[in-house]
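1. pasting the structure only:
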């Protein structure tokens, strides 16, 4: 029987959203090739996960080992390459997450199978596997083919597929851990939380976020004035934190915070998917950008194409007039 | 501490309009400006900082045409000691795997304790070359690294996970780290050092000098192939407010009021 492997991602006792999303894709690929869907779970003391996952796949392969307590790509790689060699799945997928990025390129290289990364689509056409990806921060899409191979690997961009209700009554199969000795060359030490400041952007009704387009730290007060005229807080995209202009706890996006305010104004933010994933739940989204082709306009309700430094004060002026 | 840094020259596209070229597999380059890939620049800075602290050497490696000498020279102006450019027209259309394979060939015989790369290229966004290279060389790796500290024969790192969470790891040297943006503050080179770097030697290696065969490189050495690029479908599109500055700001403030946001 052909099968599709989905590598389960969990962290600190929780199954992560990406797991359910990749299971949705795995189910589709499984039907396409006339095969079964297998969830591959590596961990320790995750007793309720196998049962939960059995609603989402034909089979749950569960490897339990002390060394699998926390994710460690070097340890995961040893276990997964054994499982893949034994079970010969047609495709093995996982989220394009901090874990997937760390694991899959090395795993694919060891097994000498083709890998497609950060896929927003993955499908067989006839017997050839194609992936849809983005390039240039989402400005272009690309269709790639994977070289014919007995098996393929792919990492899947988060939120590219919806999580679905579990409809399976799968079996749980425990597999003995192939780990015979302690892996010492890479060790997980601990989780570290980012420092927390005084403003919690996730609690604000109005968020005014700035990106690369702001050009200089000296321009931040213009943004702060606009935000305070609305009674909102200032947030930002990654480049602003990288430059050290605002602290990490103001960053919106997949590696920062997720916000769902009533109003989100994106100023000079082009709209890479990492940022979009942190703000697309906002009720009303306004984008101001000088590039009419910026991906952010595909996500916003209202847009203004223009010079940020003229638009911001003008809006602030009108708001003050209306507020009287 | 001998460090190798893999860097790449990429177009700056954050604010540029992209035009698909006649092959339908790439973009027109004439209207674009190029520079070192953003996270590679942080990797370069991290290497120079480590060298300043611990001594040793920094060697840059890139795959690309002659124009890539520009980023290699800038890297040497910022503190790298040597630079190698892998170049051959046969390397065209190499995917992430094939690029890593080229780098592995060139690096295998060099002396190193640490290899740094950027975590992702802003053009193709594969996020795989560093990790693939580590596997080909048989050394441990960590990706998305936001803190590096060398301690004897180990490196202590922090990796950036999602949602403002990090993980601390310890890895044996030699190791490969892919560096996340924001880890440091990349320096600017002085005019004097730029002038000095202009005359430094850049070693070039091609298909033959890397003892590779044609089937190992380019499209035939790749495991994936770009079939076509296209403009993304226009999804939900913002209602663009148009008119004079006064008109658009009046419209927007009106919308805020209507929606009870003021």
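-> Sure thing, it's come through. For clarity, every value in this text was computed on a predicted model and none was experimentally measured.
2. and residue B:10, what does it touch?
-> Contact analysis of residue B:10 by C-beta atoms under 8 Å, 6 or more residues apart in numbering or on different chains lists B:34, B:35, B:36, B:37, B:121, B:122, B:123. C-beta coordinates here come from the backbone N, C-alpha and C atoms, glycine included.
3. That one: which element?
-> Assigned by DSSP states H and E, residue B:10 belongs to strand B:9-11.
4. name the helices or strands packed onto the next helix or strand after that strand?
-> Sequence order places strand B:34-36 as the next helix or strand after strand B:9-11, per DSSP H and E. Counting contacts by 3 or more C-beta pairs under 8 Å, 6 or more residues apart in numbering or on different chains; DSSP states H and E, strand B:34-36 is packed against strand B:9-11, helix B:69-77.
5. and the strand holding residue B:10, which strands flank it?
-> Partners of strand B:9-11 in the sheet, by DSSP bridges, are strand B:34-36 (antiparallel).
6. Now do the strand it pairs with, average pLDDT.
-> Taken as a whole, strand B:34-36 carries a mean pLDDT of 97.
7. So residue B:163, which state does it fall into?
-> coil (DSSP: H, G, I helix; E, B strand; the rest coil).
8. can you check residue A:71 too?
-> coil.
9. which SS class is the residue lying closest to it once chain neighbours are set aside?
-> Leaving aside its sequence neighbours, residue A:71 sits nearest to residue A:99 (C-beta to C-beta, 6 or more residues apart in numbering or on different chains; 5.0 Å). Under three-state DSSP, residue A:99 falls in the helix class.
10. before we move on, the earlier item: for the strand holding residue B:10, what is the average pLDDT?
-> 97.
11. What of stretch B:251-262?
-> For stretch B:251-262, mean pLDDT rounds to 93.
12. when you scan that stretch, is anything in it near chain A?
-> Yes: judged by C-beta under 8 Å from any C-beta of the partner chain, stretch B:251-262 comes into contact with chain A at B:252, B:253, B:254, B:255, B:256, B:257, B:259, B:261, B:262.
13. Same list, the contacts of residue B:10, but as CSV with neighbour count please.
-> Below are the contacts of residue B:10 laid out as CSV (neighbours: other C-beta atoms under 10 Å in any protein chain shown):
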residue, neighbour count
B:34, 16
B:35, 15
B:36, 25
B:37, 25
B:121, 23
B:122, 22
B:123, 20
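14. In terms of helices and strands, where is residue B:52?
-> Using DSSP H and E, residue B:52 sits in helix B:38-54.
15. buried stuff in that helix?
-> For helix B:38-54, the neighbour count (16 or more other C-beta atoms under 10 Å in any protein chain shown) marks B:38-51 as buried.
16. So what touches that helix?
-> B:1, B:3, B:5-8, B:36, B:56-58, B:60, B:75, B:78-80, B:114, B:116-122, B:148, B:150, B:178-187.
17. separation between the residue lying closest to residue A:43 once chain neighbours are set aside and chain B?
-> Setting aside the residues directly before and after it, residue A:43 is nearest to residue A:68 in space (C-beta to C-beta, 6+ apart), at 5.3 Å. Distance, residue A:68 to chain B, using C-beta to the nearest C-beta, to the nearest Å: 15 Å.
18. list the contacts for residue A:68?
-> A:42, A:43, A:44, A:75, A:76, A:79, A:177, A:179.
19. What distance do you get for the nearest residue to the first one once chain neighbours are set aside to residue A:62?
-> Right, residue A:42. Nearest residue to residue A:42, sequence neighbours excluded (C-beta to C-beta, 6+ apart): residue A:68, at 4.6 Å. In this view, residue A:68 and residue A:62 are 10 Å apart by C-beta to C-beta, to the nearest Å.
20. Could you tell me which residues touch both of these two?
-> Here residue A:68 and residue A:62 share the contacting residues residue A:43, scored by C-beta under 8 Å, 6+ apart.
21. Let's check: the centremost residue of chain A is which one?
-> Nearest residue to the geometric centre of chain A (C-alpha atoms, centre = their mean): residue A:158, 3.6 Å.
22. Helix, strand or coil: sort out the residue nearest to that residue when sequence neighbours are not counted for me.
-> Nearest non-adjacent residue to residue A:158, counting by C-beta to C-beta, 6+ apart: residue A:18, 5.2 Å away. Using three-state DSSP, the secondary structure recorded for residue A:18 is helix.
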